[in-house]
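A.B. asks: Sequence first, predicted coordinates after that:
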Amino acid sequence: FANPFEVGFFDTEGRTLDVALSGTYAYLADGDAGLRIIDRSNPSNPGEVGFWDTAGIAFGVAVKDTLAYVTDGIEGLRIIDISDPTTPNEVGFFDTGGVALDVIVRDNYAYVADATAGLRIIDVSDLVNINEVGFFFTGGSAEAVSLEDNYAFVASGSAGLRIIDISDPTMPFEIGFKGTSSVTRDIAINQNYAYVVDGDDGLRVFDISSPASPESVGFYNTDGRALGVAFSSDFIYVADDGGGVFILRNDFLTGVEDTRSIPSAFSLSQNYPNPFNPTTKIRYSLVQNSNVILKVFNILGQEIQTLVNKTQVAGEYEISWNSGDLPSGLYVYRLQAGQSVEIRKMILLR
């Protein structure tokens with residue numbers, strides 16, 4: 001990466017503001033030129049295979065299965081069928097109320113960064129009856145959104161980084177925030193770190209292992225205004241309007257882990273509140289980097305839900321769990337970290 005070079009390009013009709021990759025295709029939010037679909041199977045000779053001219057200005061795009069979700073400015077969220085990339089077709093839309101700038105889709109919900117209208121949570125399970133189930137005003141202008149576990153991390157312009165608990169999508173609430181000195185434009189999450197581009201102040205890095213109290217742990221000042229960020233492997237890619245693309249190694253995080261408070265023992269705490277209805281929180285401690293699996297079971301031993309299944313670094317963690325429509329009763333939660341296992345019980349009381 002010391003000497004990156006261009007291998008191919010494609011000049012779109014508009015101004016490309018976002019991109020999502022799926023299979024051999026790149027899906028571009030191309031400003032007033034809508035959604036453009038590029039075949040990238042031959043990177044040295046990419047070519048457009050299809051497009052959909054959206055009603056507004058395409059700012060963001062996310063792809064899930066055979067659908068592309070486009071944030072289309074004042075025209076809200078547009079949903080495009082891309083099962084055949086050569087003939088895309090709009091199959092649904094929702095007026096978000098603000099200026100739709102970015103979107104992440106998980107399960108049946110689309111999480112939209114909607115500028116001054118904040119974070120909007122849209123149920124997209126039925127394309128004939130798309131509806132909003134929850135929202136949270138983040139302050140500033142919600143420019144971008146990223147999800148990790150039960151939290152939405154919103155780059156909210158002059159209001160900095162806002163962290164929203166979305167364990168119950170119908171009742172999102174802010175659990176933490178971190179102000180920045182410029183204007184937050186985009187965000188990428190990797191494990192316990194949030195990589196935030198902050199306009200004139202470049203890249204800022206926050207430790208989010210405790211979402212209620214994020215801490216600044218690193219930064220890199222780019223040449224101009226940092227506008228976009230992505231994370232891959234050990235590298236951070238920052239789009240900067242004055243210096244092009246910066247490829248950064250995580251060297252500025254060296255030693256961060258050593259300065260954090262490392263627990264003295266592996267532990268799984270009793271959930272709180274307990275009894276609970278319908279949401280509770282589960283805390284646990286890791287003494288070393290581990291492959292972590294946290295699951296909930298009913299009293300018959302049947303698995304209800306997997307809350308965590310990933311590698312985590314040593315530290316303290318807290319997970320929110322929403323029991324949804326489950327009946328009252330005794331439930332079991334089980335934490336496995338490497339070879340260590342601990343089990344506790346909790347009571348759901350309607």
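C.D. replies: Yep, that arrived. Residues are numbered from 1 along each chain as shown.
A.B. asks: where in the stretch 201-350 of the chain is pLDDT low?
C.D. replies: 223, 243, 250-261 (pLDDT under 70).
A.B. asks: need the strands for the stretch 1-150 of the chain, in chain order.
C.D. replies: 18-22, 25-29, 35-39, 47-52, 60-64, 67-71, 77-81, 89-94, 102-106, 109-113, 119-123, 131-136, 144-148 (DSSP state E, counting those that start in this stretch).
A.B. asks: The ones you listed: which one's closest to Ser264?
C.D. replies: Checking the strands of the stretch 1-150 of the chain against Ser264 by CB to CB gives strand 144-148 as the closest, at 26.3 Å. In short, each C-beta sits where N, CA and C put it, glycine included.
A.B. asks: which element follows that closest one toward the C-terminus?
C.D. replies: Counting by DSSP states H and E, the element after strand 144-148 in chain order, helix or strand, is strand 151-155.
A.B. asks: I'd like the average pLDDT over that following strand.
C.D. replies: For strand 151-155, mean pLDDT is 95.
A.B. asks: Each with direction, which strands does that strand pair with?
C.D. replies: Next to strand 151-155 in the sheet, as set by DSSP bridges, lie strand 144-148 (antiparallel), strand 161-165 (antiparallel).
A.B. asks: and for it, what are the contacting residues?
C.D. replies: Identification of contacts with strand 151-155 by CB atoms under 8 Å, 6 or more residues apart in numbering yields 104, 111, 113, 118-119, 138, 142-147, 161-166, 172, 175, 184-187, 189, 194, 196-197, 208, 211.
A.B. asks: what does stretch 299-318 give?
C.D. replies: Residues from elsewhere that reach stretch 299-318, judged by CB under 8 Å, 6+ apart: 149, 191-192, 209-212, 257, 260-263, 281-298, 319, 321, 326, 329-333, 337.
A.B. asks: Just the buried subset of the residues you listed, please.
C.D. replies: 149, 192, 209-211, 260, 263, 281-282, 284-287, 290, 292, 294-297, 319, 321, 331-333, 337 (16 or more other CB atoms under 10 Å).
A.B. asks: in what helix or strand does Trp321 lie?
C.D. replies: Using DSSP H and E, Trp321 maps to strand 315-322.
A.B. asks: same for the next helix or strand after that strand, what does it pack against?
C.D. replies: Next in sequence after strand 315-322, counting helices and strands by DSSP H and E, comes strand 329-337. Helices and strands touching strand 329-337, by 3 or more CB pairs under 8 Å, 6 or more residues apart in numbering; DSSP states H and E, are strand 279-286, strand 290-298, strand 303-312, strand 340-348.
A.B. asks: which parts of the third one are buried?
C.D. replies: What it means is strand 303-312. 304, 307-308, 312.
A.B. asks: List the neighbouring strands of that strand plus their orientation.
C.D. replies: Using DSSP bridges, the strands paired with strand 303-312 are strand 290-298 (antiparallel).
A.B. asks: Could you tell me the angle between the partner strand and strand 279-286?
C.D. replies: With axes from the mean of the first three to the mean of the last three CA atoms, to 10 degrees applied, the angle from strand 290-298 to strand 279-286 works out at 150 degrees.
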